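quick one, fold the following:
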Amino acid sequence: MKKILSCFIMLTMILGIRVSAAEELKANVTFNIPNPGHIFFTGEISDIDVGYFNNSAEAMDLSVDIEVQGRKYNKQWSYKKGVSLSAYGSEHETLKIDFAADFGVYDIYDLTITISDGTLSKVITDELSYVKEGVRNDKFGLQVHFLSIDYSSYLDKAIPIAKKAGVGLMRDALDWGNYEKTAGTYKITDEFNKIIDTMNKNNIDPLLILAYGNELYTGTTAHIPSTTTQINAFCNYARQFVADTKDRVKYYEIWNEPNTSGAFN
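Okay, the predicted model is just below:
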């Protein structure tokens, strides 16, 4: 009896999966918003490239419902249309949203695109932001860790966003161990040079951290220099690093976060 019941449950699950697959809308919708982070500043207009795709061998009529809803002020923008697609056909269009004219307020907006054949539907969602373009503020800064990630694909996109937001400083670091990999030999990596140069190009001052141990002297990068030899090596590193960057950098911080418990020793 247990075997029969088990087989029945398994058969029901398989049939359920097949039914669900059969009932899925054989169409798809995609979109592309060119602005990095989907962030739009004062006066900018969003261009949303939308694509509709028929994944079946039969012609299809779809209804399209696109809504953009503000989270704080509940401002709403909507768009509806019908799309007729031939077998395996597609259609593309570009929608323009003028935040100043269509909404009039800065906010975070939720984007919802729904397509339906009258019986089945698909929904995709995302979010956009409309932000006041800021004036540079020397007291407004960001902590970043560009070397800790694969920054190369968006470095030139992220920093201009920070500039438009009014950021005056960016705090980052090329750790001692990555600057002095051989005792007495110092070299700034090409990646970090690009980070410094991109900040300066966007009128953002780099604030660089002189920090962390070096396995050549302290055993681990987590160990804070404490012996005379270690401290002298750290001073040599700091002195040379400033000499190598002083034409592009005004501000440095010795070690990291001295006001947090345990981090500064």
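
please enumerate the strands of this structure.
Under the criterion DSSP state E, the chain contains strands at 27-32, 39-41, 45-54, 60-70, 76-85, 90-98, 107-116, 121-131, 137-143, 167-172, 205-210, 251-254.

can you list the ones you listed in a markdown table and add distance to Thr182, mean neighbour count and mean pLDDT?
Glycine gets a C-beta too; all of them are placed from N, C-alpha and C. Output for the strands of the chain, formatted as a markdown table (distance: least, C-beta to C-beta, whole Å; neighbours: other C-beta atoms under 10 Å; pLDDT from 0 to 100):
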| stretch | distance to Thr182 | mean neighbour count | mean pLDDT |
| --- | --- | --- | --- |
| strand 27-32 | 46 | 15 | 96 |
| strand 39-41 | 42 | 19 | 96 |
| strand 45-54 | 50 | 18 | 96 |
| strand 60-70 | 55 | 18 | 97 |
| strand 76-85 | 59 | 13 | 97 |
| strand 90-98 | 54 | 14 | 96 |
| strand 107-116 | 49 | 19 | 97 |
| strand 121-131 | 46 | 15 | 97 |
| strand 137-143 | 29 | 12 | 94 |
| strand 167-172 | 23 | 20 | 96 |
| strand 205-210 | 19 | 20 | 96 |
| strand 251-254 | 23 | 13 | 94 |
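
let's have those strands in JSON lines, adding distance to Asp156.
As requested, those are exported to JSON lines (distance: least, C-beta to C-beta, whole Å):
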{"stretch": "strand 27-32", "distance to Asp156": "19"}
{"stretch": "strand 39-41", "distance to Asp156": "15"}
{"stretch": "strand 45-54", "distance to Asp156": "20"}
{"stretch": "strand 60-70", "distance to Asp156": "28"}
{"stretch": "strand 76-85", "distance to Asp156": "30"}
{"stretch": "strand 90-98", "distance to Asp156": "24"}
{"stretch": "strand 107-116", "distance to Asp156": "24"}
{"stretch": "strand 121-131", "distance to Asp156": "19"}
{"stretch": "strand 137-143", "distance to Asp156": "16"}
{"stretch": "strand 167-172", "distance to Asp156": "14"}
{"stretch": "strand 205-210", "distance to Asp156": "16"}
{"stretch": "strand 251-254", "distance to Asp156": "23"}
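
tell me, what residue is most central in this protein?
Gly37 (5.8 Å; C-alpha atoms, centre = their mean).

what's the spacing between it and Ala100?
19 Å (C-beta to C-beta, to the nearest Å).

and what of Asn203?
Applying C-beta to C-beta, the value for Asn203 to Ala100 is 25 Å.

comparing those two, which shows the higher neighbour count?
Using other C-beta atoms under 10 Å, the more surrounded residue of Asn203 and Ala100 is Ala100, with 14 against 10.

need the contact list for the more buried one.
Neighbour list for Ala100: Thr42, Gly43 [criterion: C-beta atoms under 8 Å, 6 or more residues apart in numbering].

find me the pLDDT at it, would you?
Per-residue confidence (pLDDT) for Ala100: 95.

what residues are up against the nearest residue in space to Lys194 that is not next to it in sequence?
Leaving aside its sequence neighbours, Lys194 sits nearest to Leu155 (C-beta to C-beta, 6 or more residues apart in numbering; 6.9 Å). Contacts for Leu155 (C-beta under 8 Å, 6+ apart) come out as Phe146, Lys194, Ile195, Thr198.

what's the spacing between the second one and Val64?
Going from Lys194 to Val64 by C-beta to C-beta gives 42 Å.
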